[in-house]
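A.B. asks: pasting a predicted model and its sequence here:
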Amino acid sequence: MTVERQPATLRDVARLAGVSPATVSNVMQNRPRVAAETRRRVREAARALQYEPNPLARSLRSGRTGTVALITPGLRNSFFAELASELIRAAGAYDLRVSVEVLDGDRHREESTLTGVWTSYADGILYIPQELNGHEIDYVLASRAGRRPPVVLLGERGADAACPQVTYRNRDASRAAVETLIAGGARRIAAIGPHERPGSATPRFEGYAAALVEAGLVPSPELVRETTTWHRSAGMEAVRDLLADGVEFDAVFGFNDMIALGALAALANAGVRVPHDVQVVGFDDVDEATYSVPGLTTVDPGKAAAADLALGLLDSLLRGDDVPEQGHVSPDFTVVVRDSTRT
C-alpha cells in the first residue's frame, strides 16, 4: 500500500531551520529585516522539504494576492514584449506574479482596464500608457470605485500624472546615437519617426537636432520623415520615398529598431550598401537587432534596469514607504555598436 506524503507546512520549515514560523513567513514574503544567514537557512529548509506556500492562505492573512497587473500597449512590438519579460523577471525577485493586459491602441479598453474589476484583484499596477495623457490618467484613476492599487508608470506618456514613473533618457540617448553616425562620417542624416503625439518622439527628435547643431550641421526639413506608426513598414516606406524623391542622405536614424530594420530592408532592396553608402542606427536594442544583416547599431535604453526600478518603486509603495507622487527615475543607456555604422 502506498502512503501519500503530506505536503510540508510552514511550521515544518520553521522547525528544520530552527526559527519561528513568523520568520519563515517573512522570508517567504521577501520582507526586509531578516538576517542574510537566517534567510539562507529558511530557503534551504524550504527546498529540502519541497515546501510550497499556500497562496490562498497567504492572501487571506495579508490581504494581498501576490499578483501585479501589467498594462501594456502590445506584445507584437518587440520592445514591449522584451520589456514585459524583464518586468516578469524583476517581479519574481519580490515573489510576485504578473498578469498582462494588452491595449492594442484601444482607448476605451485603456480606461476600462484602469477602472475595472481585473485590476482590483492586483496588489499593484505597472502601466505603460498608450492613448491617455497624464491628466487623463489622473482623472480615470480618481473615478475608480473602491480600492485603488498603487500605480507605477513606465515611459514618457503620462508624464504629468500623479504617479511615480520610470522614464528613459530619450534626448541624451538619441543625441549619442546620432553622434555615432557623425563620427562615422555622416553629414546628411535622415530622421524617421517624428510625430506630434506626446511620448518618446519629441525628446528623440530634440536629441537628433542637438547632435546636428553641435557638429555644425544644419537640420534639413527634407530629411525629416514623420510616420504614423513605428513599425518596419514605416521605415521601409520612408526610405523608399527618400530614394524616389532624389534626396541625398548618408545615414538614417530610426526612432526605434522596427523603423531602422525596415530602413535596412529598403536599402538592401535598392542595392544601397550599409554602412558603406548609408549608415543606419536604431533605438531600443531589441533582440532582432543582433541578428539583422548587417547587425544594427542601436541604443539600449536600459530595459532590464527600468524593470528593476519599476518593481522597486512598486515594492516601496506596497510597503508604505514615502515615494514622491510625481517622482521620475531613469536607467542609464548604452549605444550598442554593430555593423550598420562605420564606428
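C.D. replies: Now that the structure is in, tell me what you want to look at.

A.B. asks: nearest residue to the middle of the protein?
C.D. replies: What sits nearest the mean C-alpha location of the chain, by Cα atoms, centre = their mean, is residue 83, with 4.0 Å.

A.B. asks: next helix or strand past the one helix or strand residue 177 maps to?
C.D. replies: Assessed by DSSP states H and E, residue 177 sits inside helix 170-183. For helix 170-183, the following helix or strand on the C-terminal side (DSSP H and E) is strand 189-192.

A.B. asks: hmm, who's touching that following strand?
C.D. replies: 178, 181-182, 205, 208, 212, 217, 223-225, 227, 234-235, 238-239, 242, 247, 249-255, 259-260, 263 (Cβ atoms under 8 Å, 6 or more residues apart in numbering). Yep, even glycine has a C-beta here, placed from its N, CA and C like the rest.

A.B. asks: which ones among the residues you listed are found in helices?
C.D. replies: Using DSSP state H, the members of these that fall in helices are 178, 181-182, 205, 208, 212, 234-235, 238-239, 242, 259-260, 263.

A.B. asks: quick one, which of the residues you listed are buried?
C.D. replies: Buried members of the ones in helices among the contacts of strand 189-192, counted by 16 or more other Cβ atoms under 10 Å: 178, 181-182, 205, 208, 212, 234-235, 238-239, 242, 259-260, 263.

A.B. asks: give me the distance from stretch 263-276 to the chain's centre.
C.D. replies: 29 Å (Cα atoms, centre = their mean, to the nearest Å).

A.B. asks: same check, this time on stretch 315-333
C.D. replies: Centre-to-centre, stretch 315-333 and its host chain are 15 Å apart (Cα atoms, centre = their mean).

A.B. asks: only alpha carbons, please: show it as CSV.
C.D. replies: Provided in CSV are the C-alpha atoms of stretch 315-333 (Å, rounded to 0.1, in the frame of the first residue of the first chain):
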residue,chain,number,x,y,z
ASP,A,315,7.5,47.4,-3.7
SER,A,316,8.1,50.6,-1.8
LEU,A,317,4.5,51.7,-2.4
LEU,A,318,3.2,48.3,-1.2
ARG,A,319,5.3,48.6,2.0
GLY,A,320,4.0,52.1,2.6
ASP,A,321,7.3,53.8,2.1
ASP,A,322,7.4,57.5,1.2
VAL,A,323,7.5,57.7,-2.6
PRO,A,324,7.0,61.1,-4.4
GLU,A,325,3.8,61.0,-6.5
GLN,A,326,5.5,62.6,-9.5
GLY,A,327,9.0,61.2,-8.9
HIS,A,328,10.8,60.2,-12.1
VAL,A,329,13.7,57.8,-12.2
SER,A,330,15.6,56.8,-15.3
PRO,A,331,18.1,54.0,-16.1
ASP,A,332,21.4,54.6,-17.9
PHE,A,333,21.5,54.0,-21.7
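
A.B. asks: distance-wise, check residue 76 relative to residue 330.
C.D. replies: 26 Å (Cβ to Cβ, to the nearest Å).

A.B. asks: what about those two, which has more around it?
C.D. replies: residue 330 (18 against 10; other Cβ atoms under 10 Å).

A.B. asks: against residue 185, how distant is that one?
C.D. replies: In terms of Cβ to Cβ, residue 330 sits 31 Å off from residue 185.

A.B. asks: elements contacting the helix or strand harbouring residue 298?
C.D. replies: Taking DSSP H and E as the definition, residue 298 sits inside strand 298-300. Applying 3 or more Cβ pairs under 8 Å, 6 or more residues apart in numbering; DSSP states H and E, one finds that strand 298-300 contacts helix 170-183, strand 334-336.
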